[in-house]
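*Asks:* Below are the sequence and a predicted model; questions follow.
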Amino acid sequence: MEPKENLKEKAYSIIKNKIIRCEYRPGQFLNEQELREAVGASRTPIREALNKLEQEGLLEILPKRGVLVRDITLQEVNAIFEIRCMVEPYVIETYGHLVSLADIQAMHQKIHASSFDTENLNEYDVDHDLHEMLIKACDNPYILEMMTKIFGQNHRLRILSGQRLEYRLRDTALEHEQILHLLASGKGKEAADAMREHLKHSREAAIAMMTDSKGWKQIV
């Protein structure tokens with residue numbers, strides 16, 4: 001039998017991954033018995049994992065009703081991008097020189113291998129991996145902790161908006177290529193500016209998707 005702590009972390013990881021990859025959709029109620037069967041854990045580790053995910057803002061535990069996957073509101077989208085626009089360009093300009101050329105080249109190859117299939121969740125992982133790689137160049141544990149939480153919410157948003165706005169996948173790849181090229185050339189300030197512009201476009205696409213009278217309700 002696995003130790004309780006291992007089961008809790010396993011449950012947390014599995015459920016969180018399904019939320020941020022939108023296998024559990026915003027507004028969906030989760031069945032605790034089904035979660036226990038999916039994870040292979042008893043009630044206690046599942047509930048501890050759910051409590052942790054509620055603290056991260058991904059779930060809402062409603063007494064006598066169940067566990068609800070939280071929607072992403074327009075206010076939250078603005079809050080997410082406000083933080084990202086402040087932090088990510090700063091990290092690139094300050095710590096970008098610590099990203100190895102080997103890592104940059106490997107990320108280039110990931111982007112080139114992308115098929116831009118909006119139904120393939122791996123396409124969104126490439127986007128996530130690039131931003132995570134750049135943030136991890138930073139050695140500030142407080143920034144890393146904050147951005148881990150932000151990226152969890154943003155990954156959901158990325159998938160939902162990408163499924164509705166196919167053009168955004170291709171534009172994102174081009175913008176990522178530009179950021180990596182500038183970073184590899186030692187142009188930290190220009191790379192930071194390119195990141196700022198990229199985030200501006202991503203925010204505009206997310207808001208366009210959410211404010212579309214058809215879009216948001218169709219995909220959730």
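*Replies:* The structure has been received and is ready for your questions. Numbers count the residues shown, from 1 in each chain.
*Asks:* and the closest residue to D171 other than its chain neighbours, what are its phi and psi?
*Replies:* Leaving aside its sequence neighbours, D171 sits nearest to H201 (C-beta to C-beta, 6 or more residues apart in numbering; 6.6 Å). Quick note: C-beta positions are derived from backbone N, CA and C, even for glycine. The phi and psi values for H201, taken as degrees, to the nearest 10, are phi -70, psi -40.
*Asks:* again, but for N31
*Replies:* Main-chain dihedrals, N31, degrees, to the nearest 10: phi -90, psi 120.
*Asks:* With I61 instead?
*Replies:* According to degrees, to the nearest 10, I61 has phi -90, psi 120.
*Asks:* Assess the claim that it and E54 are in contact.
*Replies:* Yes. Using C-beta atoms under 8 Å, I61 is in contact with E54, at 5.4 Å.
*Asks:* remind me which residues of the chain are low pLDDT?
*Replies:* 1-5, 115-124, 161-166, 213-220 (pLDDT under 70).
*Asks:* which element is the residue most central in space within the chain on?
*Replies:* The centre of the chain sits closest to H155, judged by C-alpha atoms, centre = their mean, with a distance of 2.2 Å. For H155, the enclosing helix or strand under DSSP states H and E is helix 141-164.
*Asks:* same deal with E60?
*Replies:* Going by DSSP H and E, E60 is part of strand 59-62.
*Asks:* and after that strand, which helix or strand comes next?
*Replies:* In N-to-C order, the element after strand 59-62 by DSSP H and E is strand 66-69.
*Asks:* who does the helix or strand where T94 lies touch, helix- and strand-wise?
*Replies:* Assigned by DSSP H and E, T94 belongs to helix 74-95. Judged by 3 or more C-beta pairs under 8 Å, 6 or more residues apart in numbering; DSSP states H and E, the packing partners of helix 74-95 are helix 121-135, helix 141-164, helix 188-211.
*Asks:* now the angle between helix 188-211 and the shortest one, please.
*Replies:* Which is helix 121-135. Using axes from the mean of the first three to the mean of the last three C-alpha atoms, to 10 degrees, the direction of helix 121-135 lies 140 degrees away from that of helix 188-211.
*Asks:* Does anything pack onto helix 121-135? Which helices or strands?
*Replies:* helix 74-95, helix 101-112, helix 141-164, helix 167-184.
*Asks:* repeat that for 6 Å
*Replies:* Contacts defined by 3 or more C-beta pairs under 6 Å, 6 or more residues apart in numbering; DSSP states H and E place helix 121-135 against helix 141-164.
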